[in-house]
Structure formats: structure tokens, C-alpha cells
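Undergrad: Sequence and computational prediction follow.
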Amino acid sequence: MIDTKAKKILSIDLSRKQSETKSFADLNTFIGGIGLGLKLYETYKEENPLIFSIGPLNGYFPFVSKTCVLVNNDGVIEDIYIGGGLSLRMRFAGIDALVIYGRSEGETVLEIQNSQVNFLPLQEKINDLGLPGKKSILTFENDKIILDGYFTTPEDFLEQNLKERKVGGIVITGTEIFKPENFLEYEKIYNEILSRSEEMSVERGNYPSCSNCPMGCGKSKVGEIGGNVLIHSLVGCQFADKIYTDIGIVFSCLNVLGYEYTHEDIENLPGLIEKTLKNLS
């Protein structure tokens, strides 16, 4: 079962070529995504971190397909959201967030399998790293970040940050399996959400889909920037806002996975994020 009592954080020190995985129960109130990411940024602010964070529903439910990326852009903390399969792979690697800091001495590729990190020299055969069918690849193509061969970001903040750190790519493989105890109830909720696809504010298409999304829309390629606090803490797609601002649905999803969040936790989330932003500024 997934750990519903704490957040599991994988931190990577590029300068020392070291990594460490820890669980933090006190981070649970920040839910995930932008909430968790900002709190981690505050914790690691002296290291000027690059943070990738997911939410409690990633990997489990339809249209919860984004990964929150927090990056320092000339003193401004930008939050961008990238689709593809990255959030799914982080879920099955068993990590809620990836914190990267420092600067590599030479050009490097990070190969992550579950909680293990290898620091490899930059190589052309990055696609050969990781396990087929269980990995997500973030790499450069013509100075632009490309995820899983298709998805990218709305700005160049991530590209600049990775270049400064001398990171030429990241490969994440997730092999852990998490199955809800009440699988029949989980399946019922999953199908209920899937049946609400007509409420998505985007049209179906034949483009590559993000993980757990059947829409194949033409707008997922470029990702998102900013947006609804709850949606981007879960971390859902902005086009699914009608579904994931339905508090009844949100709590049904959280409860069947074993989370013990209350309405008060959800109501307090914007205040926690605002307080964290004030501390950072």
C-alpha cells in the first residue's frame, strides 16, 4: 500500500553525486503538487532547488496526469506543469517529490530507478536507460526539454535550470505496485470519473495522451503554468477543473486510497500555500 501518513522525498545533490530518500509526516498537510513543492522549496531554499512533485491521486485516477515543477527564474519561483507519463513513473517509483540541487562537475544524466540514483555521463543512448514500458524520459531536443518524446513545457525555465546544473537528461523507472485495499470501490469511482469525460474543457483528439487520460487532446503537449491551487496540488489537468473541484469526488478518491484528509485540510490549503509564499519572499 501507498504510505498515506507521510510524503516520501528523494533528494539529489549533484555537486556531491549523492542521493537520499526520507519520509516526512509533517508534509502531509500540504497535499502534493504545488502545495508540497512550495513547502519543500522553503525547506531547501538555501540550496536553490529544482523540484518535481506529484499529488495523492496521480497514478490512480483519470485526468490526474500532471507533474508540478518548481524552478527559480531570476529570483521568481515559477510553477509549471508537464503531462506525459512522468507523474505515473514517480508514483510507481514510490516518491512524492524529487528535489535536485547543486551543480554537476560535468554533463550528467540522472538515472533513477525507484529510490536508487545513478549519475551517468551524458550519452546519446539515453533512450536505452531504464526499463522498457516502466520509464519516463526527460531529455533535450534542439535546446528544448522533451518528455517521453512528445510533451514539453510552456516556458524555458526548466531548460535553463537544467543547463546551469549540467543535467542533460533524467530517466525515471518505477516498478513498485500499489493496489487499493477496497479495489471494487476504487474501480467504481474510477469509472464514474471516466464517464464524466464530457465535462473536460477540451476536445478529444488523436494526439499522444498523458497518463491515465483517454482524451488525446491537442493541448496537453505544451503543459500548463499557474492555476487553481486545489487542482495543482492533487495534481490534476486544468481541463478537468469541473471534475476535481467537485469536493465530493475529491474526498471519494482520497478516502478509497486510505488518506484521512478532512474538509478542514482542503479549506486550509490555500492559507498554507499563501503563508509559505510569504516566507519565501
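TA: Happy to help now that I have it.

Undergrad: can you tell me which residues contact N206?
TA: N206 sits next to G216 when contact means C-beta atoms under 8 Å, 6 or more residues apart in numbering. For the C-beta atoms, the positions are set from N, CA and C on the backbone; glycine is no exception.

Undergrad: er, D79 I mean
TA: Neighbouring residues of D79 by C-beta under 8 Å, 6+ apart: I34, G37, L38, C68, V69, L70, I225, G226, H232.

Undergrad: Of the residues you listed, which is the nearest to Y101?
TA: Using C-beta to C-beta, L70 comes nearest to Y101 of those, at 12.1 Å.

Undergrad: I figured the closest one hits Y44, correct?
TA: No: using C-beta atoms under 8 Å, L70 is not in contact with Y44; the gap is 10.3 Å.

Undergrad: what do those two both touch?
TA: With C-beta under 8 Å, 6+ apart as the test, L70 and Y44 both reach I51.

Undergrad: ok so, going back, a markdown table for the contacts of D79, including neighbour count and secondary structure?
TA: Shown next, in a markdown table, are those (neighbours: other C-beta atoms under 10 Å; DSSP: H, G, I helix; E, B strand; the rest coil):
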| residue | neighbour count | secondary structure |
| --- | --- | --- |
| I34 | 29 | helix |
| G37 | 30 | helix |
| L38 | 26 | helix |
| C68 | 28 | strand |
| V69 | 26 | strand |
| L70 | 24 | strand |
| I225 | 15 | strand |
| G226 | 13 | coil |
| H232 | 27 | helix |
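
Undergrad: can you list those residues in CSV and add pLDDT and distance to P56?
TA: Output for those, formatted as CSV (pLDDT from 0 to 100; distance: C-beta to C-beta, whole Å):
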residue, pLDDT, distance to P56
I34, 96, 13
G37, 97, 14
L38, 96, 16
C68, 97, 13
V69, 97, 18
L70, 96, 18
I225, 88, 22
G226, 80, 21
H232, 93, 13
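
Undergrad: Excluding chain neighbours, what is closest to R91?
TA: G59 (3.1 Å; C-beta to C-beta, 6 or more residues apart in numbering).

Undergrad: which residues touch that neighbour?
TA: If you count contacts by C-beta under 8 Å, 6+ apart, G59 has them with S87, L88, M90, R91, F92, F178, S211, N212.

Undergrad: Quick check on those: which are buried?
TA: Among the contacts of G59, those classed as buried by 16 or more other C-beta atoms under 10 Å are S87, L88, M90, R91, F92, S211, N212.

Undergrad: tell me which of those residues is nearest to T4?
TA: Using C-beta to C-beta, those come closest to T4 at R91, 13.2 Å.

Undergrad: And the strands in the stretch 151-281 of the chain?
TA: In the stretch 151-281 of the chain, the segments counted as strands under DSSP state E, counting those that start in this stretch are 167-173, 224-225.

Undergrad: What average pLDDT does stretch 207-215 get?
TA: The pLDDT scores in stretch 207-215 average 92.

Undergrad: tell me which residues in stretch 259-272 are buried?
TA: Buried residues in stretch 259-272, defined by neighbour count with 16+ other C-beta under 10 Å: Y259, Y261, D265, I266, L269, L272.

Undergrad: And stretch 26-38, by the same measure?
TA: L27, N28, F30, I31, G32, G33, I34, G35, L36, G37, L38.

Undergrad: Between those, which sits nearest G168?
TA: Using C-beta to C-beta, the buried residues of stretch 26-38 come closest to G168 at G37, 23.1 Å.

Undergrad: Settle this for me: the closest one is touching L50, isn't it.
TA: No: if you go by C-beta under 8 Å, G37 and L50 don't touch, sitting 10.3 Å apart.

Undergrad: between those two, what contacts are shared?
TA: Common neighbours of G37 and L50 (C-beta under 8 Å, 6+ apart) are V69, L70.

Undergrad: Between the contacts of D79, which sits nearest K125?
TA: Once C-beta to C-beta is applied, the member of these that ends up nearest K125 is V69, at 25.3 Å.
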